[in-house]
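Trainee: Quick one: sequence plus predicted model below, questions after.
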Amino acid sequence: MTKKPIALRRWVLPGALLVVMAGSGFWWALTPQADTGNTTATQNQAPQKTAQHSGSTNHDAPAVNAINSPVAESRTPASLGPNPFAPSLQGTDIDGVLQADDNGQLIVNLEVRDFFDYFLSTVGEVSPETAIGQIQQMARQHLPESAAQQALALLDQYLDYKQASLAVMQTELDPARQHEPAYQLSALGNALAQLKGLRQQTFSPEAHQAFFGMEEAYSEYTLATLAIQQRTDLTDQGKQALVEWHRNQLPDTLKSTEQRLQASTQLHQERVLAVESATSPEAAGQRLTELGLDRQSVDGVVSYLQQQEAFQARFESFRNELQGSVAGGLVDAEQQQHRERLLQQYFQNEQEQTWARLKLLDQS
């Protein structure tokens with residue numbers, strides 16, 4: 001079965017903090033999989049609180065640090081099989097897992113949150129009760145009783161958190177200031193603080209760290225880098241030094257991922273610059289080869305640049321002849337007909353003719 005995860009890791013993608021304006025309120029997207037991303041269990045067809053909860057009576061869900069988790073003895077399966085309860089899950093593996101250690105206790109890590117989100121993401125296709133019922137069934141069928149009760153208690157807490165977090169997501173911005181970068185940054189910081197406080201109130205310290213620790217670390221790092229970029233008293237080198245210092249404060253896993261992203265971005269920028277600054281398509285190809293681009297890609301870039309070079313030469317000839325006809329005193333209707341004949345003469349396909357028309361408009 002092909003893996004098509006529902007919940008992406010929340011901290012490894014660029015653009016980790018975005019403000020999305022909608023009407024008089026705003027929603028905070030910390031990463032592509034943010035707290036707003038899976039609020040459907042409480043936002044779409046919002047059920048009564050009793051329907052949301054798993055029915056567990058134990059709300060003190062112990063947590064185990066994911067790094068030092070014991071070997072799992074019991075776990076939920078990797079797939080729902082060929083006929084999942086919701087159409088959107090067809091052909092997917094379950095994102096996340098519930099598992100118990102050899103003492104029959106739930107192992108609490110980010111995989112538990114991913115597991116919850118995998119099922120809750122189906123609300124809208126199915127009722128909240130159905131999605132939650134599937135989680136209950138999986139926990140009770142595949143985990144020891146103690147671990148199952150802990151998982152369902154943690155699910156109750158997670159649903160409570162998602163319901164309460166909606167108030168933060170719907171905080172209104174000052175319409176007069178909502179487009180000011182400094183105000184947006186301040187509002188983002190306040191929202192992050194409110195969410196972090198809400199998580200601390202809802203979860204045990206261990207569960208809070210397991211579910212949100214990495215995400216919060218990356219969000220706070222991104223918030224700091226955005227603030228640095230807005231500083232007017234720093235040079236570009238000073239800003240870079242401070243960003244690197246903040247990057248070094250990240251947990252090792254995030255730090256190495258961020259370093260890879262930065263290296264990839266830098267290489268991409270170098271390749272763009274190589275194309276922009278090259279004196280010829282062949283020179284661009286040579287530089288791209290030096291920067292590690294594979295031969296097939298280099299050949300494609302060189303071919304494209306050669307085509308653009310040839311198009312530009314034809315366009316200059318076309319434009320010069322067109323300007324000559326204007327100077328010759330043709331009336332508007334004659335000029336239009338003459339331009340169309342020249343377009344077909346100099347450019348053999350409709351796409352190039354369209355580009356030529358656009359360039360004429362740019363230069364008019």
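Mentor: The structure has been received and is ready for your questions. Residues are numbered from 1 along each chain as shown.

Trainee: Could you tell me which ranges of the stretch 1-150 of the chain sit under the pLDDT cut-off?
Mentor: Low-confidence segments of the stretch 1-150 of the chain, defined by pLDDT under 70: 1-73.

Trainee: what are the ranges of the helices in it?
Mentor: In the stretch 1-150 of the chain, the helices defined using DSSP state H, counting those that start in this stretch lie at 40-43, 49-52, 110-120, 128-142, 145-169.

Trainee: list the buried ones in the fourth one?
Mentor: Right, the one you point to is helix 128-142. P128, A131, I132, G133, Q134, I135, Q136, M138, A139, H142 (16 or more other Cβ atoms under 10 Å). The way it works is simple: take the backbone N, C-alpha and C, and place the C-beta from them, glycine included.

Trainee: just to revisit the earlier point, got the helices of the stretch 1-150 of the chain as TSV, with distance to S79 columns?
Mentor: Converted to TSV, the helices of the stretch 1-150 of the chain look like this (distance: least, Cβ to Cβ, whole Å):
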stretch	distance to S79
helix 40-43	22
helix 49-52	26
helix 110-120	11
helix 128-142	11
helix 145-169	19
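
Trainee: So for Q178, which of those helices sits nearest?
Mentor: Among these, the nearest to Q178 by Cβ to Cβ is helix 145-169 (15.4 Å).

Trainee: and the angle from that closest one to helix 128-142?
Mentor: Interaxial angle of helix 145-169 relative to helix 128-142 (axes from the mean of the first three to the mean of the last three Cα atoms, to 10 degrees): 150 degrees.

Trainee: what's helix 145-169 packed up against?
Mentor: With contacts taken as 3 or more Cβ pairs under 8 Å, 6 or more residues apart in numbering; DSSP states H and E, helix 145-169 sits against strand 25-29, helix 40-43, helix 49-52, strand 99-100, helix 110-120, helix 128-142, helix 181-202, helix 205-230.

Trainee: and it with helix 110-120, angle?
Mentor: 70 degrees.

Trainee: So which residues of the stretch 251-364 of the chain form helices?
Mentor: 252-277, 281-290, 295-327, 332-346, 350-363.

Trainee: And those: which comes nearest S88?
Mentor: helix 252-277 (28.0 Å).

Trainee: Next, the angle helix 205-230 makes with the closest one.
Mentor: Using the same axes, to 10 degrees: helix 252-277 against helix 205-230 is 30 degrees.

Trainee: List the buried residues of helix 252-277.
Mentor: For helix 252-277, using 16+ other Cβ under 10 Å, the buried residues are L254, T257, E258, R271, A274, V275.

Trainee: any residues touching stretch 312-327, and which ones?
Mentor: Q335, H338, R339, L342, L343, Q345, Y346, F347, A356, K359, L360, Q363 (Cβ atoms under 8 Å, 6 or more residues apart in numbering).

Trainee: mind running it again at 10 Å?
Mentor: 334-335, 338-339, 341-343, 345-348, 352, 355-356, 359-360, 363 (Cβ atoms under 10 Å, 6 or more residues apart in numbering).

Trainee: got it, and stretch 229-249?
Mentor: 181-182, 184-185, 217, 220-225, 227-228, 254-255, 258-259, 262.

Trainee: try 6 Å
Mentor: P181, Y221, A224, T225, I228, E258 (Cβ atoms under 6 Å, 6 or more residues apart in numbering).

Trainee: what do you get for stretch 191-202?
Mentor: Taking Cβ under 6 Å, 6+ apart as the rule, stretch 191-202 contacts W28, Q157, D160, Y161, A164, V168, H208, F212, S219.

Trainee: again, 7 Å this time
Mentor: 28, 35, 157, 160-161, 164-165, 168, 171, 208, 212, 216, 219-220, 223 (Cβ atoms under 7 Å, 6 or more residues apart in numbering).

Trainee: Which among these count as buried?
Mentor: 28, 35, 157, 160-161, 164-165, 168, 208, 212, 216, 219-220, 223.

Trainee: Of the helices of the stretch 251-364 of the chain, which stretch is the most buried?
Mentor: Of all the helices of the stretch 251-364 of the chain, helix 281-290 carries the top mean neighbour count, a mean of 17, counting by mean count of other Cβ atoms under 10 Å.

Trainee: Compare the helices of the stretch 251-364 of the chain and give me the one nearest P87.
Mentor: helix 252-277 (33.0 Å).

Trainee: which helices and strands sit right next to the closest one?
Mentor: Judged by 3 or more Cβ pairs under 7 Å, 6 or more residues apart in numbering; DSSP states H and E, the packing partners of helix 252-277 are helix 205-230, helix 236-248, helix 281-290.
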